[in-house]
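Colleague: Need a 3D model of the following:
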Amino acid sequence: MDKVKVRSIIETTLTSGNKIPGLFDLPKILGIKNKLESCASITEVIGILEANRSLISKSFGLSEEILNDGLVKLRECK
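Modeller: As a prediction, this is how the structure comes out:
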């Protein structure tokens, strides 16, 4: 797994949103970030993102379309 490429896709997707995480969401988001950084495969990364989809969408102001596009790009990295 190319961690640099995966990080770039995730960061690009998140910056496409129209919000930044609020004070109460920040600890949860940082927890997700830690889990993502310890992943050894793209399948694990996608699983974590899917499991936390609602929180990520709400915290970063992402539409379903933008989040789905990011997940498609990650799947293509396999």
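
Colleague: Which secondary structure state does residue 44 sit in?
Modeller: Counting by DSSP: H, G, I helix; E, B strand; the rest coil, the backbone at residue 44 sits in helix.

Colleague: In which helix or strand does residue 54 reside?
Modeller: helix 53-60 (DSSP states H and E).

Colleague: next structured bit after that helix?
Modeller: Taking DSSP H and E, what comes next after helix 53-60 is helix 64-76.

Colleague: Extract the CA atoms of that following helix and return them as PDB.
Modeller: Below are the C-alpha coordinates for helix 64-76, written out as PDB (Å, rounded to 0.1, in the frame of the first residue of the first chain):
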ATOM      1  CA  GLU A  64     -22.200  11.700  -0.500                       C
ATOM      2  CA  GLU A  65     -20.900  12.100  -4.000                       C
ATOM      3  CA  ILE A  66     -17.600  13.600  -2.900                       C
ATOM      4  CA  LEU A  67     -17.100  10.900  -0.300                       C
ATOM      5  CA  ASN A  68     -18.000   8.200  -2.700                       C
ATOM      6  CA  ASP A  69     -15.500   9.600  -5.300                       C
ATOM      7  CA  GLY A  70     -12.800   9.500  -2.700                       C
ATOM      8  CA  LEU A  71     -13.600   5.800  -1.800                       C
ATOM      9  CA  VAL A  72     -13.600   4.900  -5.500                       C
ATOM     10  CA  LYS A  73     -10.100   6.400  -5.900                       C
ATOM     11  CA  LEU A  74      -8.900   4.400  -2.900                       C
ATOM     12  CA  ARG A  75     -10.400   1.200  -4.300                       C
ATOM     13  CA  GLU A  76      -8.500   1.900  -7.500                       C
END
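
Colleague: Who are the packing partners of it?
Modeller: helix 3-15, helix 42-51, helix 53-60 (3 or more Cβ pairs under 8 Å, 6 or more residues apart in numbering; DSSP states H and E). Just so you know, the C-beta spots here come from the backbone N, C-alpha and C atoms, and that holds for glycine as well.

Colleague: Can you give me the buried ones in that helix?
Modeller: 66, 67, 69, 70, 71, 73, 74 (16 or more other Cβ atoms under 10 Å).
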